[in-house]
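# Provided below for reference: sequence and predicted model.
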Amino acid sequence: MALKELSSLEKFLGLKKHNKYSTQGDNKVPVLQSNNGPVVGLLTVCSHLVNEAKRPELLGSSTEHRAMVHQWLEYRVTKVDGCGREEVKTVLKDLNLYLQDKVYLTGNCFTLADALMYYGLHPLVVDLAVHEKEQYMNVTRWFDHLQHYPGLRHHLAPVVVLRNRVYTSGHH
Amino acid sequence: MKLYISEGNPHCLKVLAAVEQTLVQCDVQCVIHEERGGPFLSRPALPALLLPSGHHLFSSNAICQYLFETSGQKPHTLINQWLEWETTELQPALLQALHMAVLQGKATEASKILQRPLSYLDQCLSKGTTPYLTAETVSVVDVVLWGALHPFLSDSSPALGEWKSVQAWFERLAGEKACQAAAQRVLPGKSLEALKSFMQRQPAPHSSQRRGAESCNSTPSEAEEAVRVVSEEEMETAALAWSRGLTACPEPTKRQHPILPQEGRRNLLLTSALPYVNNVPHLGNIIGCVLSADVFARYGRLRGWNVLYVCGTDEYGTATENKAREEGLTPQQICDKYHAVHADIYRWFQVDFDYFGRTTTKKQTEIAQDIFWRLHERGFLLEDTVEQLRCEGCRRFLADRFVEGVCPYCSYPEARGDQCDKCGRLINAVELKNPLCKVCSKTPIIRSSKHLFLDLPKLESQLEEWLDKSTGTGDWTANAKQITRSWLRDGLKPRCITRDLKWGTPVPHPDFADKVFYVWFDAPIGYLSITANYTNQWEKWWKNPEQVELYNFMAKDNVPFHSVVFPSSLLGAQDNYTLVNHLVATEYLNYEDTKFSKSRGVGVFGDMAKDTGIPSDVWRFYLLYVRPEGQDSTFSWADMALKNNSELLNNLGNFINRAGMFVTKFFEGCVPAMELLTEDKTLLAQVGWELRQYISLMDKVKIRDALKHILNISRHGNQYIQVNEPWKKIKGGDQDRQRAGTVTGVSVNIACLLSVMLQPYIPTVSQTIREQLNAPAACVGTMLHAAGSFVCSLPAGHTIGTVSPLFQKLEADQIEALKKRFGGQQAQNTNQAPPVAAPAPVATNDEAVVSGADPEKAKQLTQAVAEQGDKVRVLKAQKAEKAAITLEVNKLLELKKQLALAEGKSPEPAAQKGKKK
């Protein structure tokens, strides 16, 4: 999974050279052999790629912004990846509340955190029924926005998102 | 900037040490554990840093990094890498170790868990050339790792003997002032002890069970769907039940009309709300009443209960008169015409009524008038005058919808007699300014007219007493109870039961000669009269509460009439009527992102469903899958295609088809001998558990929830086949062939069980499966008997019939066309996200539709296919023996098939093309 994600990210970043990755350990941690030795870990490799592509703004444009990007990248690999079926609800609920007043995860501009969170949430969102998508409306809105973000989707199937609310309460 | 920390929280150590180390100005506040870290997190998370911008950081590493960067230390790849290692590798191990050491007192075992990360750290430190992890001086990495390891290492430093470099590094850091200050503030005294209350509030760490290993496209919300551990005992019980086979099973009883209550059996009388005759029912109507009741009726018959399911069209009332006028027919002609339309639709949906009648019959008049007189004699009817509009031109009183006028509130000129379309206020027809008759456009006059009222207040205490009993013992859905309660809470008022109309059951009282019964009084009596038209012994059902259990199925808008008004009539009539025991009400089904609307042409109506070319069973499946059980739900074309392709085709159909095909291909159509191993018994136990869940849910009429358990069984089955690979084993030695036989035999028996469980939902397919498997009729009764048991109903030696695919894929373009056709105005909404499959190349279309795909596996398989392909080419080039080549070619084909599966495509594309209806 991580490898597909990396290759999609490479394409998104417009990197000409496509890297070869290996994995290590039971958790299949991705490893990239760079000129300065191995780069280990999904987040580290992704940050490395962003720097290679000379797009440092994707890691945050200020100290504060970078810390937020860091935080959401970490959230992706610790909370979203490998989350059990019960935890899915908590993750979606928290994100939904968080995204209530945000366009992107860290505010008003797209960062690596959005890209990786989108890749990571995809398997969860695919499984949601229409009414659940609506229940987590802010996540769904953000997700739909991301899947239409130019050049990002690549290996993932598009998820159908309804534009209008269906479950307005008390329509009778 | 504010930093919130709490005592005894290990994550606060590093943050506090980072503050001390970097000397960044920051207001540190110590709070109690329960306070929330970020305003949006459901679990309290500390530490938390409130940034100058107002944003919160709740990740301790992000906070540390922020502090270090503020003090001038830029992040780089090596730092990132260590921080990532800390969160993804070290922290999970630490959490587990702390859990053991602090809460379970198993310190030695805990340190074993940490061996791996510690030895990695040791290696890196000993290979490195600097005293600290990334540099000559303390970096964010050192502080973070120190903070993480401190609680453990400061307590059990002897364990560090093995790792000299870690020990030296740790001691160096422990000597730093920043670290000492942090440790003292957060974990004073013995560190592990201080962590106790913190650890107690953490969820128990689970050994990393990863989601996505099995395909799951069901809602991840039900707790019982979590992976269950099967105990030895369960396994043995399951194996024992299995081995009993079909020996002692009751033959399913044939239905013989008329069905009457029988002594010593469960006698169930099922009704579904009578559909109003002048409308073609839409999908919401169908799932709300007739289809739900049908599933339960079928299930009840399988369970061996004595079930009578009656329904019919509700034909009296203003709307019918109106429609008749529109179409230039008599009301009776309208009823005849539409009654046939209804009956046709339900027949197409395979709704298996025992009797589908109508309300415009002699029996209806007889029974309604009898109930009326009994109520009258017992003093439960009141007389009152009502002011109504009467049109002298048409010489009749005008029903609300036949009057139009100026709204008394907002002066909208075209307000209706009951409501203003502009301001939405409810209106009493006599309040309209300048009212006009909608038929002849003359001005009606206000006339008072005498009417009869049912004295509900007088019946209230009796009703409440009965309701307490019925809702306490029966299966009333939550919404039914709630709606009923709210009616009673507001207090009951007398309700008018007569109308100045012609098309209705005539009121027999001479003082009210020109009047008919109001439909709400009349229509539920239809249940009785329809039964009376079915059998003249109808009273054995309707005046027999001791022997009969009555189930009413309906959508929630009908609840008050069935729980309050109609029972009041029957209670007042005092004739030992059978009153409702179980009131099953659904919520609403919406259409795509709007409501069904006949006038706007939005939505699918009963008569159109068959024109879509989609089989009735698929419609039933999907409607039941999204049955608005407990909450509103939505019919969506894209979702229907998805569920058809993922659940019916790839999950259910694929499993049943594979099981049957293995018997046909590998064992000449004869079920092979089965030797059960632990793995098989585990599966039997899992399947048995799902079956029992199904039965307990169905007994409570949780139709939608029960369906999930059927799909779980075939998911278990698919996994079982996938793991055991009978297609490979069949080519192996004796032992492997034996194994292939067992797996095939168990699978085909599960397919047989599935056919039974599916019968209430998709009867045609269920029948087809049993025909294909040549299954004995007795399998139904045995497996659904009592609490349910999964037995071997197709023993070794049993010959199955011809197996063929059960379902057909719904293509994206087909669905898109249907969506347009039924979408009304919504079809023009081009902004909509692409449904189901984007205009991607055809080859990847399948991936988009099927969420059961497993890309990781697909990747491995792609590799394997390529390698096997090379092998075949080499053999051919070498002109190897034909047998050897065939063997390798078969392997290649099998790999390709698996690859197709892993990519979520149908494994036998050629076979699936055959149209099956």
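Received the coordinates, thanks.
# how close does B:Leu652 sit to B:Asn322?
Using Cβ to Cβ, to the nearest Å, B:Leu652 is found at 46 Å from B:Asn322. C-beta: built from backbone N, CA, C; applies to glycine.
# these two: who's more crowded?
Counting neighbours by other Cβ atoms under 10 Å in any protein chain shown for B:Leu652 and for B:Asn322 shows that B:Leu652 has the greater number, 27 against 19.
# hang on, that one packs against B:Asn712?
No: using Cβ atoms under 8 Å, B:Leu652 is not in contact with B:Asn712, being 10.7 Å away.
# for the helix or strand of chain A with the lowest mean pLDDT, packing partners?
Taking mean pLDDT, DSSP states H and E as the measure, chain A has helix A:130-135 as its least confident helix or strand, at a mean of 81. Judged by 3 or more Cβ pairs under 8 Å, 6 or more residues apart in numbering or on different chains; DSSP states H and E, the packing partners of helix A:130-135 are strand B:633-635.
# for the strand it packs on, which strands pair with it and how are they oriented?
Its sheet considered, strand B:633-635 pairs with strand B:589-591 (parallel) by DSSP bridges.
# run the chain-centre distance for the partner strand.
15 Å (Cα atoms, centre = their mean, to the nearest Å).
# for stretch B:406-426, same thing?
41 Å.
# give me the contact list for that stretch.
B:389, B:398-405, B:427, B:429, B:431-435 (Cβ atoms under 8 Å, 6 or more residues apart in numbering or on different chains).
# can you go through the residues you listed and name the buried ones?
Buried subset of those (neighbour count, 16 or more other Cβ atoms under 10 Å in any protein chain shown): B:389, B:398-400, B:402-405, B:427, B:429, B:432, B:435.
# in strands, which of these fall?
Mapping the buried ones among the contacts of stretch B:406-426 onto strands (DSSP state E) picks out B:389, B:403-405, B:435.
# what is the burial count for the residue nearest to B:Gln364 when sequence neighbours are not counted?
Distance criterion Cβ to Cβ, 6 or more residues apart in numbering or on different chains; nearest residue to B:Gln364, sequence neighbours excluded, is B:Ser529 at 3.9 Å. Residues lying near B:Ser529 (other Cβ under 10 Å) number 26.
# so which bits of the helix or strand containing B:Ser529 are buried?
In this structure, B:Ser529 sits in helix B:525-534 according to DSSP states H and E. When neighbours are counted by 16+ other Cβ under 10 Å, the buried residues of helix B:525-534 are found to be B:525-534.
# got any ranges where chain A has weak pLDDT?
Applying pLDDT under 70 to chain A flags residues A:1, A:162-172.
# could you pick out the longest strand of chain A?
Longest strand in chain A, counting by DSSP E: strand A:29-34.
# which helix or strand lies directly C-terminal to that one?
Following strand A:29-34 toward the C-terminus (DSSP H and E): strand A:37-40.
# what sits up against that next one?
A:24, A:29-33, A:45, A:48, B:77, B:81, B:84-85.
# one step back: from the buried residues of helix B:525-534, which is closest to B:Asp575?
B:Leu528 (10.6 Å; Cβ to Cβ).
# how about that closest one, what does it touch?
Per Cβ under 8 Å, 6+ apart, neighbours of B:Leu528: B:367, B:538, B:542.
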